[in-house]
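Q: I'd like to go over a predicted model; first the sequence, then the structure.
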Number of protein chains: 2
Amino acid sequence: MLNFDMHIPTRIHFGRGKIEELGSEMRNWGRKVLLVYGGGSIKRSGLYDQLIQIFQDNGITHVELAGVQPNPRISSVRQGVDLCRQHEIELVLAVGGGSSIDCAKAIAAGACYNGDAWDFFIRQARITHALPVGTVLTLAATGSEMNPYAVISNDETKQKLGTGSSALFPRFSILDPEYSFSVPPEQTAAGTADIMSHVFEQYFSPTEGSYVQDRLAEAMLRTCIHYGPIALEQPNNYEARANLMWTGSLALNGLLGSGKLTDWATHDIEHQISALYDVTHGLGLAILTPHWMNYVLDEKTAPRLAEYARNVWAISESDDIKAARAGIARTAEFFKSLRMASSLKEIGLEEKSLETIARQVTNGETLGAFKKLDCKDVLNILLAAYEG
Amino acid sequence: MLNFDMHIPTRIHFGRGKIEELGSEMRNWGRKVLLVYGGGSIKRSGLYDQLIQIFQDNGITHVELAGVQPNPRISSVRQGVDLCRQHEIELVLAVGGGSSIDCAKAIAAGACYNGDAWDFFIRQARITHALPVGTVLTLAATGSEMNPYAVISNDETKQKLGTGSSALFPRFSILDPEYSFSVPPEQTAAGTADIMSHVFEQYFSPTEGSYVQDRLAEAMLRTCIHYGPIALEQPNNYEARANLMWTGSLALNGLLGSGKLTDWATHDIEHQISALYDVTHGLGLAILTPHWMNYVLDEKTAPRLAEYARNVWAISESDDIKAARAGIARTAEFFKSLRMASSLKEIGLEEKSLETIARQVTNGETLGAFKKLDCKDVLNILLAAYEG
């Protein structure tokens, strides 16, 4: 196990009706709020009206940044930063999934910086201060509600890049699983795949002796495998939505990755795909993951992949390579069972772009830690995932 | 799953040499420190000299409360409170295991209260403020380094009682597994049993649908079962000490109990035993636990006890009652394999005191949540544990 520091300052309010905490939480941070949200789903569900009532009841004035897209754009961030400056905003409140939250975080940092917020993503500036961010989560997926990261896309430069700073931890997050009842099947499936991918990126590591982290990771994978299909079939199943929502937060709050090297090659590749094709992040990950697993499988990585197969999929095969292959097959079948596409071809990628993607994502360096991948490796994974 | 709130403000510095963070952490909170520790082990190990050097290097003045006993006494707390007032202490630094930390927490609260600190434990006063507490952990067991609880004994009233307040979360905790290399075998075993008991108290619950918490709990139990024996045989095994230390913190920081009713009957009974006989907490728990499991086993509780047996001990028996019994037997064997006593008789209890213990701990009420226990139930468990 490696040395680590951990500090998770986010205050979590989890469960039915927990929106009742929103008023007092907001008042801790200010009276002028920027409300950041995506499409019309919070209007259809009645959550928007509830928010407006809570603002009124608590003497809070607000301005809105609506229409934040999946794969949130730096253009939305810039708009939000302008609103913060214009209205002297004190708190940025994200309502939605990871896109709204990531956008809110980037706005919160951008509002405290004398320059363009994109600088944070291209490593031209470091985030040291940010306005406080609060969240009301409506979708189990990214874990952004309990972590210090944000991923933003830039349509002009065709990049999708991440940043992180302890200043970006939401001060509070309200997690009511009922808000995710209305998440459509394809988003529920993609969200489940995103959570699982976060676990994989931290579970598959060259670090030895991180036993407790690894058992915790398997616990979260089993939770996703158990409840993903239930949430798909019974969207209003509270138990399924609650377990997925809480697992989503725990999967990327530091618990699994502390004390280990982590991988993130699959995420890096997916981000480059999303930057070019604007695909749903979780869907891209679900397609890539089994092909990544298959490609990195060798004598050295087999024991860990076999451990995954045995502990998560209860595969009893004693040969590591065979067990690993069986676990990989089960992973691919699971994503298919969630009615997700299983090839990059199906979701509209062009074969000719794969080389560009591989070149841009590696940019002369290697990706990953479990097994280091160069440009050619990435291209091989992409080619395999293209055919499916 | 039940609703819950979670906020863990403690800053963790985990790993070899992390004492290097102590100076800057202390300076965040003040320059006048009360150093709270137990016996001479930190002097023998050289840690004491290191601390004095760090105090000097950082311009920190300190006073000492040494000699804090296992099952820390309210008399030590009162002494510490006096020192805080006399020297205008700004930070209470506990160095040691749960006893020193719990004592430090009670001192920190007592120093901000116009009355006797015992009031907090007999519910005559609530803790709303406390001096900041920091910890340097040397023993994996209680989890006090990352939670808001303290348990204190009173020799005069023969009580051992707990209290809790968010004001008691340590502001920082330094967890260097190497500091636990010198923990003797009997303390290593008792610490492992204490960690496991914390997991059991939260795992065995009447709440349904807390799937992810339950899988996380099993992950932690498996870690203790894997590394407890290794730490006993190879006291300087870093991997074993690191996994036990981190699991000890995670087992009682809110992660496992959030969203569920928790039990704590075994802890309540053990506290009453310790109040009368000053036994090692973890040892008392190890003796009681299998008898508690055995006593609460019925048609209603069998599925969960069987799940424990299957997921933690890999027992394949399909009948729930039989599987549960096998799991209980494995639990008892495991504690015995750590060279712990397996009956209350062996550790010096008198049979005639069992009724008093049962009466005092229940005090006309019931204990527990997984299965409610009245005075007669507790006596039956004590009688079984007495014979072993």
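A: Happy to help now that I have it. Residues are numbered from 1 along each chain as shown, chains lettered A, B, ... in the order given.

Q: which parts of the stretch 101-250 of chain A sit against chain B?
A: The stretch 101-250 of chain A comes close to chain B at residues A:208-209, A:211-212, A:215-216, A:218-220, A:222-223, A:226-227, A:238-239, A:242-243, A:246-247, A:250, as judged by C-beta under 8 Å from any C-beta of the partner chain. The C-beta positions use only the backbone N, C-alpha and C, and glycine is treated the same way.

Q: So in chain A, which helix runs the longest?
A: helix A:211-233 (DSSP state H).

Q: Can you spell out which helices and strands pack onto that helix?
A: Counting contacts by 3 or more C-beta pairs under 8 Å, 6 or more residues apart in numbering or on different chains; DSSP states H and E, helix A:211-233 packs against helix A:185-203, helix A:238-250, helix A:302-313, helix A:320-337, helix B:211-233, helix B:238-250.

Q: Between those, which one is closest to B:Asp377.
A: For the helices and strands packed on helix A:211-233, proximity to B:Asp377 was assessed by C-beta to C-beta; helix B:211-233 is nearest, at 23.9 Å.

Q: buried set for that closest one?
A: B:211-232 (16 or more other C-beta atoms under 10 Å in any protein chain shown).

Q: Quick one: mean pLDDT over it.
A: When pLDDT is averaged over helix B:211-233, the result is 98.

Q: what angle do that helix and helix B:302-313 make?
A: With axes from the mean of the first three to the mean of the last three C-alpha atoms, to 10 degrees defining the directions, helix B:211-233 sits at 50 degrees from helix B:302-313.

Q: Between helix B:238-250 and helix B:211-233, find me the angle.
A: With the same axes, to 10 degrees defining the directions, helix B:211-233 sits at 140 degrees from helix B:238-250.

Q: Send me the longest helix of chain A as CSV with only the CA atoms.
A: Only the C-alpha atoms of helix A:211-233 are listed here, as CSV (Å, rounded to 0.1, in the frame of the first residue of the first chain):
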residue,chain,number,x,y,z
TYR,A,211,-6.2,-5.6,0.1
VAL,A,212,-8.9,-3.7,1.8
GLN,A,213,-9.3,-1.2,-1.1
ASP,A,214,-9.6,-4.1,-3.5
ARG,A,215,-12.2,-5.9,-1.4
LEU,A,216,-14.2,-2.6,-1.1
ALA,A,217,-13.9,-2.2,-4.9
GLU,A,218,-15.3,-5.7,-5.5
ALA,A,219,-18.2,-4.9,-3.1
MET,A,220,-19.1,-1.9,-5.2
LEU,A,221,-18.9,-3.8,-8.5
ARG,A,222,-21.2,-6.5,-7.1
THR,A,223,-23.6,-3.8,-6.1
CYS,A,224,-23.7,-2.4,-9.6
ILE,A,225,-24.1,-5.8,-11.1
HIS,A,226,-26.9,-6.6,-8.7
TYR,A,227,-28.9,-3.4,-9.0
GLY,A,228,-28.2,-2.2,-12.6
PRO,A,229,-30.6,-4.6,-14.2
ILE,A,230,-33.2,-4.1,-11.5
ALA,A,231,-33.1,-0.3,-12.0
LEU,A,232,-33.5,-0.9,-15.7
GLU,A,233,-36.6,-3.1,-15.3
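
Q: Now for chain A, the helix or strand with the poorest mean pLDDT.
A: Here the helix or strand of chain A ranked lowest by mean pLDDT, DSSP states H and E is helix A:41-44, holding a mean of 92.

Q: So which bits of that one are buried?
A: Within helix A:41-44, the residues that count as buried by 16+ other C-beta under 10 Å are A:41-42.

Q: Following it in sequence, what is the next regular element?
A: Using DSSP states H and E, the helix or strand that directly follows helix A:41-44 along the chain is helix A:47-57.

Q: who's in contact with that following helix?
A: Helix A:47-57 is contacted by residues A:19, A:22-23, A:26, A:33, A:35, A:37, A:42-43, A:60-62, A:95, A:136, A:138, A:179 when judged by C-beta atoms under 8 Å, 6 or more residues apart in numbering or on different chains.

Q: Filter these down to the buried ones.
A: Using 16+ other C-beta under 10 Å, the buried ones in the contacts of helix A:47-57 are A:19, A:22-23, A:26, A:33, A:35, A:37, A:42, A:60, A:62, A:95, A:136, A:138, A:179.

Q: Output those residues as a markdown table; include the columns secondary structure.
A: Compiled in a markdown table, these are given as follows (DSSP: H, G, I helix; E, B strand; the rest coil):
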| residue | secondary structure |
| --- | --- |
| A:Ile19 | helix |
| A:Leu22 | helix |
| A:Gly23 | helix |
| A:Met26 | helix |
| A:Val33 | strand |
| A:Leu35 | strand |
| A:Tyr37 | strand |
| A:Ile42 | helix |
| A:Ile60 | coil |
| A:His62 | strand |
| A:Val95 | strand |
| A:Val136 | strand |
| A:Thr138 | coil |
| A:Tyr179 | helix |
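
Q: of all of the stretch 51-200 of chain A, which residue lies closest to chain B?
A: Closest residue of the stretch 51-200 of chain A to chain B, C-beta to the nearest C-beta: A:Pro177 (8.2 Å).

Q: What's the separation between that residue and A:His281?
A: Going from A:Pro177 to A:His281 by C-beta to C-beta, to the nearest Å gives 21 Å.

Q: And for A:Pro70?
A: Taken as C-beta to C-beta, the span from A:Pro70 to A:His281 is 7 Å.

Q: Only alpha carbons, please: show stretch A:296-315 as PDB.
A: Taking Å, rounded to 0.1, in the frame of the first residue of the first chain, the C-alpha atoms of stretch A:296-315 are listed here in PDB:
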ATOM      1  CA  VAL A 296      -3.900  -5.800 -21.100                       C
ATOM      2  CA  LEU A 297      -4.300  -9.500 -20.100                       C
ATOM      3  CA  ASP A 298      -0.900 -11.100 -19.900                       C
ATOM      4  CA  GLU A 299       1.100 -13.300 -17.500                       C
ATOM      5  CA  LYS A 300       1.700 -10.400 -15.200                       C
ATOM      6  CA  THR A 301      -1.800  -9.000 -15.100                       C
ATOM      7  CA  ALA A 302      -3.600 -12.300 -15.100                       C
ATOM      8  CA  PRO A 303      -3.600 -12.800 -11.400                       C
ATOM      9  CA  ARG A 304      -5.500  -9.600 -10.700                       C
ATOM     10  CA  LEU A 305      -7.900 -10.100 -13.600                       C
ATOM     11  CA  ALA A 306      -8.500 -13.600 -12.400                       C
ATOM     12  CA  GLU A 307      -9.100 -12.300  -8.900                       C
ATOM     13  CA  TYR A 308     -11.700 -10.000 -10.400                       C
ATOM     14  CA  ALA A 309     -13.400 -12.900 -12.200                       C
ATOM     15  CA  ARG A 310     -13.500 -15.000  -9.000                       C
ATOM     16  CA  ASN A 311     -14.500 -12.400  -6.500                       C
ATOM     17  CA  VAL A 312     -17.000 -10.500  -8.600                       C
ATOM     18  CA  TRP A 313     -18.300 -13.100 -11.000                       C
ATOM     19  CA  ALA A 314     -17.800 -16.200  -8.700                       C
ATOM     20  CA  ILE A 315     -15.900 -17.900 -11.500                       C
END
